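Enquirer: sequence and predicted structure are below.
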Amino acid sequence: MMPASSLIDLDGVYIIWYSELEGKWVNVPISEIDAQNKRLGASVFELGYFAIVKDKNALTGVPPGVEIQEYHKSGGIRFSHPSGGYYYTLLVAAYIPKYAEDNFSNMVGSTASTGSQIGGGSPRTVTHMIGIRPGTYTIVVSRRKAGTMWELPGKEEFYSVAPVINVGSFQYVGWETENSFPWAELSLSGGQWQTGFPSIWPTPTVSLGTGELQITLSWTNTSTRIYTIDIFVYGPNNDGVSWHKPYSSDGCYALDRTSADFNVGYSIRNVYSIKKMISGKYEVYVNIWKKHTGDGPMPIEVRVIRKGKFEKLIRTQISNLNYEEDKSKMLKVYEFNM
């Protein structure tokens, strides 16, 4: 959260972050607005230099960057359900970006839910999905009837027809959510409510292994691009782990392999330490083993946690197929010493 008490409104306001990996200032979508205390928030994994700016070309008092990446404003979806009584969840099942700058954006799987009225009690009569990139969205809508002092919450239901909606950029963003415009108004038609969970919802995942070290590779397969991507961690004496060698020879660290290799969805590779690792240099590589569907760069993230503390998040993309697993052709993303 960052103070913004001098701002009269939020029109044209950006939160920017200096990316050391890219060598440029990058816009970070505003994810939280505290109108009472006049603060703006952004959800981030990696700390560093941040600033709130209106004029992107006048960066007084912040470290100089090569450039600020041009970025159209985000927008939002508004779903009104005035009858009340239900908590709704909106989930992005498919996304076609409007601008080329968002070709690598991962909006699939984003969710928004109905909040409660001030003071608690009944659900709000409007559900907002805010801070999403311009484009065409397919939204899965589900709901659950709110409980009362005399009645338990209802069973989960979902609407049988997923609406498709076009989202543009906000032309104005106010301190109050409803004051922003224009909203993309979501409506339901042509379907019916069915009991159960939507098939698009992910299945529960098994907890990943962790320890003194945890390195997690993640990416999202879409309907147009499905890849099998692997992580390789090489330690001293070229010992290491990978999909075909899940345990290091010294027995110090191992690989979890949970993914949606052949399906649309969120995929993970996770390396974690079992016992104290030997001293020396370690290198982390990422490799595309197979492209099942589509071509082109796949956005990936590699998160590094050491001794229970977040150390680094690497956001990049990988495009070259390397079926032979030639190390010289793999993408090196990180190295460290134990």
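Expert: Received, thanks. Numbering: from 1, shown residues only.

Enquirer: residue ranges with poor pLDDT in the stretch 151-300 of the chain?
Expert: Low-confidence segments of the stretch 151-300 of the chain (pLDDT under 70): 200-206, 259-260.

Enquirer: tell me the confidence at the residue nearest to residue 19 when sequence neighbours are not counted?
Expert: Leaving aside its sequence neighbours, residue 19 sits nearest to residue 26 (CB to CB, 6 or more residues apart in numbering; 4.9 Å). For the C-beta atoms, the positions are set from N, CA and C on the backbone; glycine is no exception. The model reports residue 26 with a pLDDT of 77.

Enquirer: who does residue 26 form a beta bridge with?
Expert: residue 17 (DSSP bridges).

Enquirer: domains in this protein, by residue range?
Expert: The chain breaks down into these domains under automatic domain parsing: 2-53, 75-195, 213-337.

Enquirer: okay if I get those domains as TSV plus mean neighbour count and distance to residue 207?
Expert: As requested, these are exported to TSV (neighbours: other CB atoms under 10 Å; distance: least, CB to CB, whole Å):
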stretch	mean neighbour count	distance to residue 207
domain 2-53	15	19
domain 75-195	16	19
domain 213-337	17	9
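
Enquirer: the residue nearest to residue 19 reaches residue 14, doesn't it?
Expert: No - look at residue 26 against residue 14 with CB atoms under 8 Å: they stay out of range, at 10.0 Å.

Enquirer: quick check: residue 85 touching residue 125?
Expert: No - the criterion here is CB under 8 Å, and residue 85 misses it with residue 125 at 9.4 Å.

Enquirer: now the residue nearest the centre of the chain: closest residue in space that isn't a chain neighbour?
Expert: The C-alpha lying nearest the average C-alpha coordinate of the chain belongs to residue 106 (CA atoms, centre = their mean; 6.6 Å). Once flanking residues are discounted, residue 106 sits nearest to residue 220: 5.1 Å by CB to CB, 6+ apart.

Enquirer: surely that neighbour meets residue 95?
Expert: No - the criterion here is CB under 8 Å, and residue 220 misses it with residue 95 at 10.5 Å.

Enquirer: where do the contact lists of these two overlap?
Expert: By the contact definition CB atoms under 8 Å, 6 or more residues apart in numbering, residue 220 and residue 95 are jointly contacted by residue 108.

Enquirer: quick check, residue 268 in contact with residue 231.
Expert: No - using CB under 8 Å, residue 268 is not in contact with residue 231, being 9.6 Å away.

Enquirer: shared neighbours, these two?
Expert: In contact with both residue 268 and residue 231: residue 217, using CB under 8 Å, 6+ apart.

Enquirer: doesn't residue 9 fall inside a strand?
Expert: No - using DSSP: H, G, I helix; E, B strand; the rest coil, the assignment for residue 9 is coil, not a strand.

Enquirer: and the nearest residue to it once chain neighbours are set aside, how far from residue 300?
Expert: Closest residue to residue 9 apart from its sequence neighbours, by CB to CB, 6+ apart: residue 174 at 5.7 Å. Distance of residue 174 to residue 300, computed by CB to CB, to the nearest Å: 36 Å.

Enquirer: the helices in the chain, which residues?
Expert: For the chain, applying DSSP state H gives no helices.

Enquirer: what sits against the residue nearest to residue 106?
Expert: 106, 108-109, 265-267, 299.

Enquirer: that one bridge partners, please.
Expert: residue 266.

Enquirer: and residue 154, how far from residue 127?
Expert: Residue 154 sits 17 Å away from residue 127 when distances are taken as CB to CB.

Enquirer: mind pulling the model confidence for the residue lying farthest from the centre of the chain?
Expert: Residue farthest from the centre of the chain, counting by CA atoms, centre = their mean, is residue 150 at 38.2 Å. Among the per-residue scores, residue 150 holds a pLDDT of 81.
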